[in-house]
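Participant: Coordinates for the following, if possible.
(chains A and B)
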Amino acid sequence: MGYVAVKGGTQAIEQSLLRLQYERLRSGKVLEVEAIEAGMRGLVDQVMSESSLYSEELAALAIKQAEGNPEEAVFLLRAYRSTLPRKHYSKSVNSDEMRVERRISASFKDIPGGQILGASTDYSHRLLDFDLIDETESTIEHWLQEFNQVEENGEGQETATQVGFVPKVLDYLRQEGLIADCPVDFSEPDDVTRTSLTFPASRSEKLQILTRGQTGALTSLAYAVIRGYGMVHPTVGELRVGLLPVYIDSPLYPSDDEAESYFIGDIKVTEVEMLVPAMIERENGQKELNLEFGYGLCYGQNETKAIAMSILDKSLEQGDKTIPTQNEEFVLFHIDSVESTGFISHLKMPHYVTFQAKLNDVRKTRKEG
Amino acid sequence: MRIQYNFAFLDEGSKREIRRATLKAIAIPGYQVPFASRELPVGRGWGTGGLQLTLSLIGKNDVLKVIDQGSDESVNAVSIKKLIDRTTGVPSVDDTEAATLIQSRHRIPEVPLKPDQILVLQVPMPEPLRMYESSELETKRLHGENDYSGAWLMLFEQIMKYRSVSTGADHPVSVHDRYVMAPSPIPKFDNPKMHYSDALILLGAGREKKIYAVPPYTKVISMAFDDVPFEPETFNGHSCKICGAKDTFMDELYDQVADETYYQCNDTSYCLERLNQQAENKVLKEEVIS
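Facilitator: Okay, here's the model as predicted:
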């Protein structure tokens, strides 16, 4: 009883929620929000990115409540986001000001500032580390002590905790005249959380929806682009992970003067500038190869997502609507985690009335047919 | 960090924005007004459009009713009522006549609506032309140019194929002789209830980010051809097993023990009310006899 549209729904829901609570607590262990924030960086970053809400603490709380289910955690945070009034828009963030902790270029080995591997799983062997089963706080402490010792002695190695400013790889290429100059767009960005999407979508709208998009969906579609639905092989011009300072104007005295604005904190982001070879046709029918680029930026360290975003950005710019991955309506409408899981999961709700109506139609076509 | 939620969950700026879109929708009957739909604590596709309308409209003096598939007690209706009660403190009722604000999924109540009531319908697919045109840019243009030949063609093709329309619970309607509108997935049976309705009907699609409206006393005609008239669902002379009603939308149910199909009013509060009325009449009759 209960799920069926008769009396009893209230009680059924209460029991179901009770059961859910039980499933979370049955082992008798408490998962501390702090521990999630500290030890589940990958999930925290993914959830923040898809929620478009930058708060490691709230993301960790959502992950705890959602029992580690990312789509559910994103759902919780997005809903919470709806209760927050929008008080300020930050000043444009310039990614040149990033305090870089990781940056690589797959296009050029010799880049100004050098390649910085930083923290990455790329070259780790994905072997289960059974020692982690016995990891305790005292073994961690010991490891940390040793690590810091090496750090202080500065034993000839640049270490992972260092951050610094480095020039953009693409700027260097531009100076060389290898890629077209990209003028800065000073127009006010559209805010997709405050206005409804219309087509053709502006570039700011596209980038926002891509950066809020579900990591898996973005990855699949970008995979389709490079596997056979659109584009040839793109190359990572630069991928960088680091901290970006965010400033807002003084609410009382808005001005263009940097010194008058308030620093409200750092956000960790992943930024990708992707080089994409493209054919251009000259007036006399001559064809020429050119390097264009796609852009990706998302909260946290989400490298696959940022790369996928940069591929889809370029793909959407090409805009041949007969190719699904270049069709902005197809891509932008379907990559949102909350929207796609919401509508798919609504199929679990009762559809008695619609089905009865359809049944009526089916019977009618049979009888009269 | 302990957080207190605002009255009716959304912040005041968001509520005002939704009310503005609603006013525009009322001013242009049947036109889908885009709005910046907010994420809510219920699934996107589980009634967030209706819920945003309700949350932006509800005041402390309102009397709320929420139904899903005709039932006040259905799990989704209960869940939505719980959320509204938790964030507003406004209690809800089952009695359709007592409510000022009625949120519904897939049904218009059997009891005729009154002028001071607002009916909010939850809409999954607001675009009546989506069946044959997948592009939003294109459907917007078609609405603008009043080009509904595709919708007519769709109905015509259904008749050619099946000898009757098979639009199920989403038969397109023409509103005020201008916009063709998806009446949310209400069964064809309920379509005529929108025609010159005494109450304001608001339709909200959260995931698709559209609000549209049928203002009171507005012409709403279900699309049909002269020689193949519009036909709502029929229940072939069946009557409700509980209250005996013959003229309501009914659920078809199966009794496992008796191995037979029986019918029952889909609108449970209407059914209950009829039952109470019958019991009262019986008592009155008995009093008269004694």
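Participant: Buried residues, stretch B:269-280. List them.
Facilitator: For stretch B:269-280, the neighbour count (16 or more other CB atoms under 10 Å in any protein chain shown) marks B:S269, B:Y270, B:C271, B:L272, B:E273, B:R274, B:L275 as buried. Every residue, glycine included, has its C-beta placed from N, CA and C.
Participant: what do you get for stretch A:11-28?
Facilitator: Buried-residue list, stretch A:11-28, by 16+ other CB under 10 Å: A:A12, A:I13.
Participant: now that stretch: mean pLDDT?
Facilitator: Average pLDDT, stretch A:11-28: 92.
Participant: Go ahead and confirm B:V111 touches B:A99.
Facilitator: No: assessed by CB atoms under 8 Å, B:V111 is found out of contact with B:A99, at 9.9 Å.
Participant: who's more crowded, the two?
Facilitator: Comparing B:V111 with B:A99 by neighbour count (other CB atoms under 10 Å in any protein chain shown), the higher total belongs to B:A99, at 25 against 14.
Participant: For the closest residue to the more buried one other than its chain neighbours, list the residues it contacts.
Facilitator: Using CB to CB, 6 or more residues apart in numbering or on different chains and skipping the chain neighbours, the partner closest in space to B:A99 is B:K65 (3.7 Å). By CB atoms under 8 Å, 6 or more residues apart in numbering or on different chains, the residues touching B:K65 are B:D72, B:S92, B:V93, B:D94, B:D95, B:T96, B:A98, B:A99, B:L101, B:I102, B:Q103, B:S269.
Participant: name the element the closest residue to B:P91 other than its chain neighbours belongs to?
Facilitator: Spatially, and ignoring its direct neighbours in sequence, B:P91 is nearest to B:D85 (6.5 Å; CB to CB, 6+ apart). Using DSSP states H and E, B:D85 maps to helix B:75-88.
Participant: Could you list the buried residues of that helix?
Facilitator: So, applying 16+ other CB under 10 Å, buried residues of helix B:75-88: B:V75, B:N76, B:A77, B:V78, B:S79, B:I80, B:K81, B:K82, B:L83, B:I84, B:T87, B:T88.
Participant: quick one: which of the buried residues of stretch B:269-280 is nearest to B:H238?
Facilitator: B:H238 has its nearest neighbour among these in B:C271, at 14.0 Å by CB to CB.
Participant: And whichever strand or helix holds the closest one, how far out from the chain middle?
Facilitator: Assigned by DSSP H and E, B:C271 belongs to helix B:268-289. Between the centre of helix B:268-289 and the centre of its chain there are 28 Å (CA atoms, centre = their mean, to the nearest Å).
Participant: which secondary structure elements does that helix contact?
Facilitator: strand B:260-265 (3 or more CB pairs under 8 Å, 6 or more residues apart in numbering or on different chains; DSSP states H and E).
Participant: how about the strand it packs on against chain A, any contact?
Facilitator: No: figure legend: strand B:260-265 not in contact with chain A (CB under 8 Å from any CB of the partner chain); closest approach 9.1 Å.
Participant: counting contacts, what elements does the lowest-mean-pLDDT helix or strand in chain A pack onto?
Facilitator: Least confident helix or strand, chain A: helix A:169-175 with a mean of 79, by mean pLDDT, DSSP states H and E. For helix A:169-175, the elements it packs on are strand A:235-248, strand A:262-281, judged by 3+ CB pairs under 8 Å, 6+ apart.
Participant: Name the next helix or strand downstream of it, please.
Facilitator: Following helix A:169-175 toward the C-terminus (DSSP H and E): helix A:203-212.
Participant: Give the buried residues for that following helix.
Facilitator: Buried-residue list, helix A:203-212, by 16+ other CB under 10 Å: A:R203, A:E205, A:K206, A:L207, A:Q208, A:I209, A:L210, A:T211, A:R212.
Participant: Also stretch A:67-81?
Facilitator: Judged by neighbour count using 16+ other CB under 10 Å, the buried positions of stretch A:67-81 are A:P70, A:E71, A:E72, A:A73, A:V74, A:F75, A:L76, A:L77, A:R78, A:A79, A:Y80, A:R81.
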